[in-house]
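Colleague: Predicted model follows, preceded by the sequence.
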Amino acid sequence: MRILILAALLAAAPLSAAPNPEFVTVKVNGLVCDFCARSIEAMMKKRSDVSGVHVDLDKGEVHLKLKADATLDDPTLTKLMVDSGYSVTGIERKAL
Amino acid sequence: MRLPFAALCAASLATAVAARPVSYPGGVTFMQELDPMQGSALLHISPNRHYSVGGRYLRMREEVWQLAGGQATWLASRRNMPGAQANLYLTGMLGAAFADGGTARPGGFVEAQADWENRRLMVMGMARLTHAEGFGTTNMQMGRVGFAPYEGDFGDPHLWLFGQLRRDSGSMDTVQPALVARIFYRTLLVEAGVTDRGGLILNSVIRF
């Protein structure tokens, strides 16, 4: 019985330790032009931990889908946005 | 309010397509401009978000001489506001000026450009001082006011319509009005316009 419980715990451990993919909303100022906002797409495509990028020009938001093993923290994300030409006013994260 | 006003003042001075002459770090951009006065091609790269460097070829179509050399543009100021953005760029170019088959001589220009835009309105202006040994000194100013007939979403084709005024000392100081339409889709931007004398304006920008 103990072996069965141990086997079950070992099998479940990698699943419970693995972080979920994240959906990140970055609120930015200055986001008015599609042509210019392509810089965000280009900057994010350089990162292997970003699996999707969408820009909402109406709301001034950038939506990112991060992979489960993503290491993209808020300071790094802010720097990427600033390098893309925009000012970050807020970051919201939600596990998928 | 001060920034739009400043941009409007700059616009009253001032043409060139100039859609973001400084890009994101590593961004490479090709810009081409053609109007009755001149034609030019510029390929530049932005090492960081503050400046770009590249090479430009410029042909003065009325005076029939050319300028080829290196160009650097500095993003002197960017103001990101909720729903709007304003920029000030300073540019310098240095190279060789030559007539067809003639000897190359030193030449270049300095330029200032300002813009303000939101999703529906855009104001931009620029002023350029060009000097080339043997060809003299000219100055040019251009301004544009434009609007977008609709607010496209990210990924849609976007349309802007501009009214443009341009004055060039190399063209007898006359102020030349023009109407220009700008269409862009993803990383390709194309402008087509016509001056009051029927001159063609054709500009394009490709960001790689």
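Modeller: Received it, and whenever you're ready, just let me know what you need.

Colleague: can you list the residues of chain A near chain B?
Modeller: A:28-39, A:42-43, A:46, A:54-58, A:60, A:82-87 (CB under 8 Å from any CB of the partner chain). Quick note: C-beta positions are derived from backbone N, CA and C, even for glycine.

Colleague: In chain A, which residue is most central in space?
Modeller: Closest residue to the average C-alpha location of chain A: A:L66 at 3.6 Å, with CA atoms, centre = their mean.

Colleague: thinking again about what came up before, need the buried ones from the residues of chain A next to chain B selected in ChimeraX.
Modeller: The buried residues among the residues of chain A next to chain B can be selected in ChimeraX (16 or more other CB atoms under 10 Å in any protein chain shown) with this line:
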select /A:28,29,30,31,32,33,34,35,36,37,38,39,42,43,55,57,60,83,84,85,86,87
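
Colleague: one step back: and the nearest residue to the residue nearest to the centre of chain A once chain neighbours are set aside, what does it touch?
Modeller: Excluding the flanking residues, the one nearest A:L66 by CB to CB, 6 or more residues apart in numbering or on different chains is A:E22, at 4.3 Å. Counting by CB atoms under 8 Å, 6 or more residues apart in numbering or on different chains, A:E22 touches A:K65, A:L66, A:A70, A:R93, A:K94, A:A95, A:L96.

Colleague: ok, the residues you listed vs chain B, which is closest?
Modeller: Nearest to chain B out of these is A:K65 (CB to the nearest CB; 15.0 Å).

Colleague: Name every sheet partner of the helix or strand harbouring that closest one and say whether each one runs parallel or antiparallel.
Modeller: Using DSSP states H and E, A:K65 sits in strand A:61-66. With DSSP bridges as the test, strand A:61-66 is paired with strand A:22-29 (antiparallel), strand A:50-56 (antiparallel).

Colleague: Quick one: the ones you listed as TSV, columns for mean pLDDT too.
Modeller: Listed next are these as TSV, based on pLDDT from 0 to 100:
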stretch	mean pLDDT
strand A:22-29	95
strand A:50-56	94
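
Colleague: Dihedrals phi and psi, the residue of chain B found nearest chain A?
Modeller: Ranking the residues of chain B by distance to chain A (CB to the nearest CB) places B:N80 first, at 2.9 Å. Dihedral pair for B:N80: phi -100, psi 120, per degrees, to the nearest 10.

Colleague: try A:D34
Modeller: The phi/psi pair for A:D34 (degrees, to the nearest 10) is phi -60, psi -50.

Colleague: Would you verify that A:L80 is located in a helix?
Modeller: Yes - A:L80 forms part of a helix when assessed by DSSP: H, G, I helix; E, B strand; the rest coil.

Colleague: what residues are up against the residue lying closest to it once chain neighbours are set aside?
Modeller: Closest residue in space to A:L80, ignoring its immediate chain neighbours: A:M43 at 5.1 Å, by CB to CB, 6+ apart. Contacts for A:M43 (CB under 8 Å, 6+ apart) come out as A:L80, A:D83, A:S84, B:Y24, B:P25.

Colleague: residues contacting the residue of chain A found nearest chain B?
Modeller: Here the residue of chain A nearest chain B is A:G30; by CB to the nearest CB that distance is 2.9 Å. By CB under 8 Å, 6+ apart, the contact set of A:G30 is A:G85, A:Y86, A:S87, B:R78, B:R79, B:N80, B:M81, B:A84, B:Q85.

Colleague: What about these, which are in strands?
Modeller: Using DSSP state E, the members of these that fall within strands are A:S87, B:R78, B:R79, B:N80, B:M81, B:A84, B:Q85.

Colleague: Make a ChimeraX selection of the buried ones in the residues you listed.
Modeller: Listed next is the ChimeraX selection for buried residues among the ones in strands among the contacts of A:G30, using 16+ other CB under 10 Å:
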select /A:87 /B:78,79,80,84,85
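
Colleague: Let me know the closest of the ones in strands among the contacts of A:G30 to B:E191.
Modeller: For the ones in strands among the contacts of A:G30, the minimum distance to B:E191 (CB to CB) is 19.4 Å, reached by B:Q85.

Colleague: Now that the closest one has come up, it's in contact with A:A37, right?
Modeller: No - using CB atoms under 8 Å, B:Q85 is not in contact with A:A37; the gap is 10.5 Å.

Colleague: show me where pLDDT drops low in the chain?
Modeller: Using chain A here. A:1-19 (pLDDT under 70).

Colleague: please go with chain B instead
Modeller: B:1-19, B:173.

Colleague: what does it put close to chain A?
Modeller: B:19-20, B:23-27, B:48-49, B:78-85, B:117-119, B:151-156, B:158, B:184, B:186-187, B:189, B:205, B:207.

Colleague: Those residues in strands, which ones?
Modeller: Using DSSP E, these in strands are B:48, B:78-81, B:84-85, B:117, B:158, B:184, B:189, B:205, B:207.
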